[in-house]
Structure formats: structure tokens, C-alpha cells
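Asks: Give me the fold of what follows.
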Amino acid sequence: MRCLAMRTWLAMMIVLFATSLSSIASASLTEGTCRGRMGNREIYKKVDRVCEDCANIFRLPGLEGLCRDRCFYNEWFLLCLKAANREDEIENFRVWISILNA
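Replies: Down below sits the predicted model:
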């Protein structure tokens, strides 16, 4: 029951913020922001999958771009990680994001 309430709250927050910010970020503007992407494509795919899953969950325009902003180093990525029920992997994602930002 608590998980359902958390997901509902999370969905409402994402909808509220995404509708106000969806015009700011787009995937084409933020896709090239990871300096370490070229040498770490497999890591990039793992991290990017969270944003893809999140966009599929909420179906909001611009959400993938918001999630990828600053090479996944943002609040949107964390919200998406929670929405995808992958919070238990947060330490792995922190390491991977630091590699991509190196």
C-alpha cells in the first residue's frame, strides 16, 4: 500500500514539473553532454535505460531529456530511478554516472 502511495505521489510530482519544464529540455540538446560516453557505451546504455523506462511509464513529452540533463546528474534521474523501482541499485548508478561524467 505504501508503495502505491509513493508511486502516486511520484507520478503527480513528475506530471507537475514536466508540464512546466517540458519545453526547456529535449533529448537532442542533452544527449551529447556525457564526456565519457564514447568509451563507456555499455554503461551509458544501462543508465539511459532508466530514462527510457521513465518516459514509457509517464508518457510525458520532454521527460527523457530532463532525465538525461547534465549527463544524468539531476533530480529527474533520481525520480525516474524511483519510478522504475530501481532504488536498490542507486550506488551502481552513482558510480556509472561518475564514470560518464569523467
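Asks: In the chain, what helix or strand scores lowest on average pLDDT?
Replies: When each helix and strand of the chain is scored by mean pLDDT, DSSP states H and E, helix 27-30 comes last, with a mean of 42.
Asks: Mind giving me the packing neighbours of the helix or strand just after it?
Replies: Counting by DSSP states H and E, the next helix or strand C-terminal to helix 27-30 is helix 41-58. Counting contacts by 3 or more CB pairs under 8 Å, 6 or more residues apart in numbering; DSSP states H and E, helix 41-58 is packed against helix 2-21, helix 63-68, helix 75-83, helix 90-100. C-beta here means a position set from N, CA and C on the backbone, and glycine is covered the same way.
Asks: quick one: pLDDT of residue 11?
Replies: Confidence at residue 11, expressed as pLDDT, is 66.
Asks: likewise residue 39?
Replies: 93.
Asks: What about it, how many residues nearby?
Replies: Neighbours of residue 39 under the rule other CB atoms under 10 Å: 11.
Asks: so who does it touch?
Replies: Listed by CB atoms under 8 Å, 6 or more residues apart in numbering, the contact set of residue 39 is empty.
Asks: Could you measure from it over to residue 73?
Replies: Applying CB to CB, to the nearest Å, the value for residue 39 to residue 73 is 18 Å.
Asks: sorry, back to before: where among the helices and strands packed on helix 41-58 is the average confidence lowest?
Replies: helix 2-21 has the lowest average pLDDT among the helices and strands packed on helix 41-58, namely a mean of 63.
Asks: What count of nearby residues applies to residue 68?
Replies: Using other CB under 10 Å, the number of residues around residue 68 comes to 29.
Asks: now swap in the one 10 residues further on and tell me
Replies: Using other CB under 10 Å, residue 78 has 16 other residues around it.
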